[in-house]
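[1] fold the following, please.
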Amino acid sequence: MRSRSLRVRVAAFLLVPLAALAVTLSVGGTWFVHTFVTSAYDRVLAGSILSIAERLTVQDGTVSVELPAAAFGMLSNSERDSIFYSVTDDGTFVTGYPDLPLPTTLPPPETLAYRDAVFRGQRVRVGMMLKPIYVTNHMALVQVAETTQGRDHLESRMLTALTALVAVLSGLGGLLVWFAVRMGLAPLDELRREVELRRLRRRGDVPAFPVAGVPREAVPFVSALNELLAQLNRAMAVQRQFTADASHQLRTPLAILKSHLALLDRQPPGSPAWQTSRGDIGAAVGRLERLIAQLLTLAAAEGKAAPAADAPPVDLVALAREATADLAGLARRHGVELSFEAPDHPRATVDPLLLEEILCNLIDNALRYAGRGAQVCVRVCSPEPGTACIEVEDDGPGIPEAQRTLVFERFHRLEREGDPGGSGLGLSIVRAFAERLSGRVSLHDGRDGRGLLTRITLKALSPTAKDAVTEPLASA
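    Numbering: from 1, shown residues only. Predicted coordinates for the structure are as follows:
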């Protein structure tokens, strides 16, 4: 996407109305100048007409006029415009220029009127008035025409001055707008410099930016940036802790491998000591393999997106029953009775791979820690409309209530007799995946206060009535 300057954008939004104002001023000024010049010259033209009309008389039944010298003297100007006049009595020429054309429509009596015309190849402004002589009932039409060179020249000079004024004001306004935009956006430059300084000088966590002194319009941006920095700092802290814990956990099986390989080299092949070291190496490799697999699973949980709202619904009973059946062989090897119950048949819009990983981790933990001869039950139910629960319950030693919050931390393990091994990542993976599914995980006492019940709560779709399911999948 092509980058755009905020200064140019703001200046453009300010300059466009300024340009529109300049155009409006130019058009309005042109109209005003034309009206002013025309009115000024027409007033002088009107004085000449009135001066002639006052000298109209009737002698022997005929209209006559004695032209005053001032009637045309007031029309003289530096442009030396030509003056033409005519007096007619009811269409009969009395004096003046006989070829000066008569108007097509006569004005009302004693009313000044004006028109533009062309006379003898020149543009002229004609003023006229119909003067009644009431004693003799005569109607004399007085016309005075003046060429337009003077008024055109004056109008041109005034328009030139107006154009220059508009141009100067527009240029000055543009400079002021650009200066105001630069000064107004200066706090953004200061904020940018602050970001660059923190990026170049600080290591580790990036501190939040102070809101004090920030313009009110930029406060939401700074607040959002501070929230983003807080999230980034938290993610970096978790990443650093995760890397440190993972490196610490990987050291143990690698040290075991290294020491047993050294012992293996000193023992004759096939001897009891060689067989023991060989078995310990296999166990260490298995633990290392499981640890790496869980680390990769947990890393994938951090970046996996939530399922789309229009994803197809998942049959929780079918998914849970299949996941439970896959671990039936492991249950037999551990001597644990594994069963499955589904008193309800809820459905939910979830990622089936994430939910299957959650179930596998919970069932695997229950099989490992419940002990030989224990009972493990996987249950799918819908305790209330709109809610689906998947539970894994065992009657083993359980987890003390004081430890139930800590077991969700990465690499936190409970010390037990006959430690079955593990990396302490199982419940961390369960919680991370449950959050991705917009669900929650909780730990409770098992039936009759024995063992542990782990419950995953999800949002369910409309329930579908089906028969309850109860299946023993593996017996001790």
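
[2] going forward, measure contacts and count neighbours with C-alpha atoms only.
    Noted.

[3] count the residues that sit near residue 381.
    20 (other Cα atoms under 10 Å).

[4] no no, residue 189
    11.

[5] which strand or helix spans the residue most central in space within the chain?
    Taking Cα atoms, centre = their mean, the centroid of the chain lies closest to residue 221, which sits 11.6 Å from it. In the assignment (DSSP states H and E), residue 221 maps to helix 219-266.

[6] so how far is stretch 17-32 off the chain centroid?
    Relative to the centre of its chain, stretch 17-32 is centred 36 Å away, using Cα atoms, centre = their mean, to the nearest Å.

[7] how about stretch 131-144?
    So, by Cα atoms, centre = their mean, the centroid of stretch 131-144 is 78 Å from its chain's centroid.

[8] likewise stretch 400-409?
    Using Cα atoms, centre = their mean, the offset of stretch 400-409 from its chain centre is 42 Å.

[9] go on, stretch 383-391?
    38 Å.

[10] just the CA trace of it, in CSV.
    C-alpha atoms of stretch 383-391 as CSV (Å, rounded to 0.1, in the frame of the first residue of the first chain):
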residue,chain,number,x,y,z
PRO,A,383,-25.6,-29.8,33.0
GLU,A,384,-27.6,-26.9,31.7
PRO,A,385,-28.7,-25.6,28.3
GLY,A,386,-26.0,-24.0,26.3
THR,A,387,-23.2,-25.7,28.2
ALA,A,388,-21.3,-28.9,27.5
CYS,A,389,-18.9,-30.6,29.9
ILE,A,390,-16.2,-33.3,29.4
GLU,A,391,-15.0,-34.8,32.6
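
[11] let me see the domain layout of the chain.
    For the chain, automatic domain parsing gives the domain ranges 6-157, 216-301, 305-474.

[12] which one of those domains has the poorest average confidence?
    Sorting the domains of the chain by mean pLDDT places domain 216-301 lowest, at a mean of 72.

[13] just to revisit the earlier point, what separation do you get for the residue nearest to the centre of the chain and residue 210?
    Look at residue 221 and residue 210: by Cα to Cα, to the nearest Å, they are 12 Å apart.

[14] how near is the residue nearest to residue 450 when sequence neighbours are not counted to residue 407?
    Using Cα to Cα, 6 or more residues apart in numbering and skipping residues adjacent in sequence, the residue nearest residue 450 is residue 395, 5.4 Å away. Separation of residue 395 from residue 407 (Cα to Cα): 18 Å.

[15] of these two, which one has the most company?
    For residue 395 and residue 407, the more surrounded residue by other Cα under 10 Å is residue 395, and the numbers stand at 22 against 18.

[16] got a list of what residue 101 touches?
    By Cα atoms under 8 Å, 6 or more residues apart in numbering, the contact list for residue 101 is empty.

[17] repeat that for 10 Å
    Counting by Cα atoms under 10 Å, 6 or more residues apart in numbering, residue 101 makes contact with 86, 117, 118, 119, 126, 143.

[18] of those, keep whichever come out buried.
    86, 119, 126, 143 (16 or more other Cα atoms under 10 Å).

[19] of those residues, closest to residue 68?
    residue 86 (14.0 Å; Cα to Cα).

[20] look up how far residue 66 lies from the nearest residue to the closest one once chain neighbours are set aside.
    Nearest non-adjacent residue to residue 86, counting by Cα to Cα, 6+ apart: residue 96, 4.2 Å away. Using Cα to Cα, we find residue 96 at a distance of 11 Å from residue 66.
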